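>>> Pasting the sequence and the predicted model now:
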Amino acid sequence: MNLSNEITSNELLFIGFNQDNGNIACGTTNGFIVYNVDPFKETLRRVFSNGGIGIVEMLYRCNLLAIVGGGRNPRFPTNKVMIWDDLQNRCIGELMFKSEVHAVKLRRDRIVVVLLTKVYVYRFKDLSLIDTKQTITNPKGLISLCPDPNNNVLAIPGQQKGSIQIELYSISKFTLIKAHESELAQFALNIDGSKIASASDKGTLIRLWDTSTGALLKELRRGMDKAEIYSIAFNPTSTFIACSSDKGTVHIFSLTSTNTNTSTNSNNNQITNQSTIISQETEDNNIASSTSNSNTTNNKSMNLGFLRGVLPARLVPKYFDSEWSFAQIHGIEGKSICAFSSFIPSASNNSSTNLNNNKIYVVSADGLFLSCSYIDGGECTRLNSSKITNTLDNNYSNDLNNDGKIDTQENHSTVS
């Protein structure tokens, strides 16, 4: 999440999770900081005397990071991606472009760089250019890169408003999804790249798509009033999805809910946005929370879809049989991102032993970190609240691993 244009008191320029959501990387006006998520603890801090870092992308917990200068006094040019080796405490490679870099994403074998209207894909081990893609104007730097080593999937905006282009490199296939009629706000791939969730700048709906066929799988309703969606995230088993928005609420939806919107599935891509008048109080608290909270993971609904069999379809708004979130976190101030707790096995360890599927994390622009449990539905239980700060904490280690050592199993090398 780029915070360069935000007014914050903590000098944060960027906040983002790493690939397994176990760490948070923060760019600041004088360097970058890495936090461990569970338990929440500062594990790495690099302070530069002459400038800020506007983008920080980790590669799991290894010693290599991609950084881009930012803020009023950038440490590096904003048109350069610097490959930082924390073992050597220096940059060992760089990628330079003719215009400003808006986003960077990493996986073990790729570096993907987003410019305003272009996306460049590089091989990590030698920084050689593999692919170039044209996009619609993309000032937010929208991109999603699948971390699964067996599925090389990239999602970027298409060249038309509201469209998403999916590059399935592993099977040499391309899919174009006309996801929305208006501009894209956010989208995110699930862990294996088989599904993608998207939201438009209207912010009322989250749509779930199959990346291989482009078919609409599900439609979820965040609310009725327009909202800016800040982030979308899947849990590691793709059974839940969450979104954060400028309404100050994180909504969590079940993707295995039995409250299936049959009208959405039957109409598939023939979706038209309809509107109605609904109170702000109802929208913010979500119609779901007005129903009784049971210990199930079914999304809530208004249960008025039966009216379609009584009244003409044109008189029954589609939201009557919409799926609403089954769990929420209220009271988030400012821009925020969310992520589920997860475990992605490394190349040397194929076992997934600690999924912690009941936790969701939220980080806001003002530095608030929340860890919550969502499994009971309704308002999430807050487990931990901490603060990200640019003030030096004397209780931090100076390495990426909690045991004080860099993860040598994930060391990478690249050109100098």
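Thanks, I have it.

>>> Residue 236: how many residues sit nearby?
20 (other CB atoms under 10 Å). Where C-beta positions appear, they are placed from N, C-alpha and C, glycine not excepted.

>>> In this structure it contacts residue 340, no?
Yes: if you go by CB atoms under 8 Å, residue 236 and residue 340 touch, sitting 6.7 Å apart.

>>> Roughly how far does residue 142 sit from residue 112?
From residue 142 across to residue 112, the span is 12 Å (CB to CB, to the nearest Å).

>>> Now do the shared contacts for those two.
With contacts defined as CB atoms under 8 Å, 6 or more residues apart in numbering, no residue is shared by residue 142 and residue 112.

>>> wait, isn't residue 113 in contact with residue 98?
No: in this structure residue 113 lies outside contact range of residue 98 using CB under 8 Å: 12.0 Å.

>>> out of the two, which sits in the busier spot?
residue 113 (22 against 7).

>>> For that one, which non-adjacent residue is spatially closest?
Once flanking residues are discounted, residue 113 sits nearest to residue 120: 4.7 Å by CB to CB, 6 or more residues apart in numbering.

>>> what's the burial count for the one you found?
By other CB under 10 Å, the residues close to residue 120 number 18.

>>> Quick check: phi and psi at residue 203.
In terms of degrees, to the nearest 10, the main-chain angles of residue 203 are phi 70, psi 20.

>>> list the contacts for it?
185, 222, 223, 226, 227, 228, 229, 245.

>>> Same question for residue 195.
189, 208, 209, 210, 211, 217, 234, 238.

>>> Next, count neighbours for the fifth one.
This means residue 211. As a burial measure, residue 211 scores 24 neighbours (other CB under 10 Å).

>>> ok, now which ones touch it?
Per CB under 8 Å, 6+ apart, neighbours of residue 211: 153, 155, 166, 168, 175, 189, 193, 194, 195, 196.

>>> Can you tell me, leaving aside adjacent residues, what's nearest to the third one?
Setting aside the residues directly before and after it, residue 166 is nearest to residue 175 in space (CB to CB, 6+ apart), at 4.1 Å.

>>> coming back round to it: want to throw the contacts of residue 203 into CSV with distance to residue 201, pLDDT and secondary structure?
Shown next, in CSV, are these (distance: CB to CB, whole Å; pLDDT from 0 to 100; DSSP: H, G, I helix; E, B strand; the rest coil):
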residue, distance to residue 201, pLDDT, secondary structure
185, 5, 97, strand
222, 13, 91, coil
223, 14, 87, coil
226, 8, 94, coil
227, 9, 94, coil
228, 7, 96, coil
229, 8, 97, strand
245, 11, 96, strand
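
>>> ok, and the closest non-adjacent residue to residue 81?
Nearest non-adjacent residue to residue 81, counting by CB to CB, 6+ apart: residue 95, 4.3 Å away.

>>> Helices along the protein, start to end?
Taking DSSP state H to define them, one finds helices in the chain at 262-267, 280-289.

>>> quick one, what contacts residue 58?
Residues near residue 58 by CB under 8 Å, 6+ apart: 18, 19, 23, 25, 34, 65, 106.

>>> what pLDDT does the fifth one get?
Residue 34 is assigned a pLDDT of 95 by the prediction.

>>> Not counting its neighbours along the chain, what's nearest it?
Take residue 34 and drop its neighbours on the chain: the residue closest to it by CB to CB, 6+ apart is residue 44, 3.9 Å away.

>>> Which pLDDT value goes with the one you found?
At residue 44, the model reports a pLDDT of 92.

>>> That one: how many residues sit nearby?
Here the number of neighbours of residue 44 (other CB under 10 Å) works out to 23.

>>> can you list the weak-confidence ranges in this protein?
Scanning the chain for pLDDT under 70 picks out 5-10, 257-297, 299-321, 343-357, 390-416.

>>> Of the contacts of residue 203, just the buried ones, ChimeraX syntax please.
Applied in ChimeraX, the following selects the buried portion of the contacts of residue 203 according to 16 or more other CB atoms under 10 Å:
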select :185,222,223,227,229,245
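
>>> which two in the contacts of residue 203 are spaced the farthest apart?
Pairwise distances across these peak at 13.6 Å for 185 and 223 (criterion: CB to CB).

>>> residues touching residue 105, list them.
Shown in contact with residue 105 (CB under 8 Å, 6+ apart): 57, 111, 112, 114, 143, 144, 145.

>>> The closest residue to it other than its chain neighbours bridge partners, please.
Spatial nearest neighbour of residue 105, chain neighbours left out: residue 145 (4.1 Å); criterion: CB to CB, 6+ apart. Note on residue 145: beta-bridge partners by DSSP bridges are residue 154.
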